[in-house]
Each structure stands twice: as structure tokens, then as C-alpha cells.
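Chemist: below are the sequence and a predicted model; questions follow.
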Amino acid sequence: MVAGSNDPEDEDILRPLAQSLMERFADKHGLELKEVIRTRTNVSFRTLDPRPTQPHVDLRNSRKHFVFLYYINSCDGDTILFDQKADGEFHTQEDLIELQRFKPVGGGALLFNGDYFHTWEHPTNFDYRATINLNVDINY
């Protein structure tokens, strides 16, 4: 279930809340938020299928950005970051090398370079996994 759009011109109804979270994160970590490009709110539900979603790069590599991911709840359903950057080619998960996994912790956040492929797993032990995802331009 998704609120928001892949089109940066479409504004997610939760953008004011999402931007406030990003601003607090930026202040805490000495970053300057220049622009919120896109926001999406994602909820995925418990499944018996252990396969993660398709590895991807947000904004389809149309512009440089960072991904800010805010975890609404603690659950299983890791976020997986791969060590490859987008190069214009299609990649399956088998082509990509896992760099790091992040377990969702409610109230926690993750920030990474938006050029890197990433994906997430659906929860299998919890009812849902909820995140707020922002694509942002920052000074660091």
C-alpha cells in the first residue's frame, strides 16, 4: 500500500510530516536540507513469501539525491542496500552484491546516497512494515 507517487511533482499528503522528520534529522546530524524532491509512505503486510521487492533506485537515476527512510514501526522486513550504483542497466537481485541490512526500528531513520540499489523484505513475523520515504537534496 503506497501513498504518494513516483512523480516528484505529485505531493504526498504526508509531505509536511515527512519534511518535519527530515528537518529534525538534518539538524541533529549537522546537515542542511536543500529540497524535498519526493515523498512516499509505504505499508507492506505480512506474507509467507520471503522474496524481497525488486532492487531499484528511486527517481530512476534522473537526478542526484539522498534517500531518507523513516521507520514507523519495529518489525522484521529488512532494508537491503547493495554496493552497486545505477548504471542504466537492468539488474536482478542475483546480479547485485549485498552491502548492508537494516532492521526496521520504530522511530529510527536511515540516510543513504540515492544512486545505490536497494530493496526491502516484506514482514513475515509482524502484521505490517510501515515507512516514510523521502528523496532529498542535502548539503553535508
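Modeler: In hand now; what should we look at?
Chemist: now the longest strand belonging to the chain, how far from the centre of its chain.
Modeler: Taking DSSP state E as the criterion, the chain has its longest strand at strand 32-45. Here strand 32-45 is found 7 Å from its chain centre; the criterion is C-alpha atoms, centre = their mean, to the nearest Å.
Chemist: for that strand, buried residues please.
Modeler: Neighbour counts over strand 32-45 (16 or more other C-beta atoms under 10 Å) mark L33, V36, I37, R38, T39, R40, T41, N42, S44 as buried. All C-beta atoms are positioned from the backbone trio N, CA, C, and that covers glycine.
Chemist: spatially, which two of those are the most separated?
Modeler: Greatest spatial distance in these: L33 and S44, 26.9 Å, computed using C-beta to C-beta.
Chemist: that older thread, got CSV for the buried residues of strand 32-45, with distance to R15 and pLDDT too?
Modeler: Output for these, formatted as CSV (distance: C-beta to C-beta, whole Å; pLDDT from 0 to 100):
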residue, distance to R15, pLDDT
L33, 13, 97
V36, 7, 93
I37, 11, 93
R38, 9, 92
T39, 5, 92
R40, 10, 90
T41, 10, 90
N42, 14, 91
S44, 21, 93
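Chemist: what does stretch 11-24 contact?
Modeler: Contacts to stretch 11-24, defined as C-beta atoms under 8 Å, 6 or more residues apart in numbering, come from residues 3-5, 33, 36, 38-41, 68, 70, 109, 132, 134, 136.
Chemist: and the residue lying farthest from the centre of the chain, what is it in contact with?
Modeler: Distance from the centre of the chain peaks at L48, with 22.3 Å (C-alpha atoms, centre = their mean). Counting by C-beta under 8 Å, 6+ apart, L48 touches T124.
Chemist: switch the cut-off to 10 Å
Modeler: H122, T124 (C-beta atoms under 10 Å, 6 or more residues apart in numbering).
Chemist: quick one on the thing from earlier: so which of the buried residues of strand 32-45 is the closest to R101?
Modeler: S44 (16.2 Å).
Chemist: settle this for me: the closest one is touching A130, isn't it.
Modeler: Yes. With contacts counted by C-beta atoms under 10 Å, S44 reaches A130, the gap being 8.2 Å.
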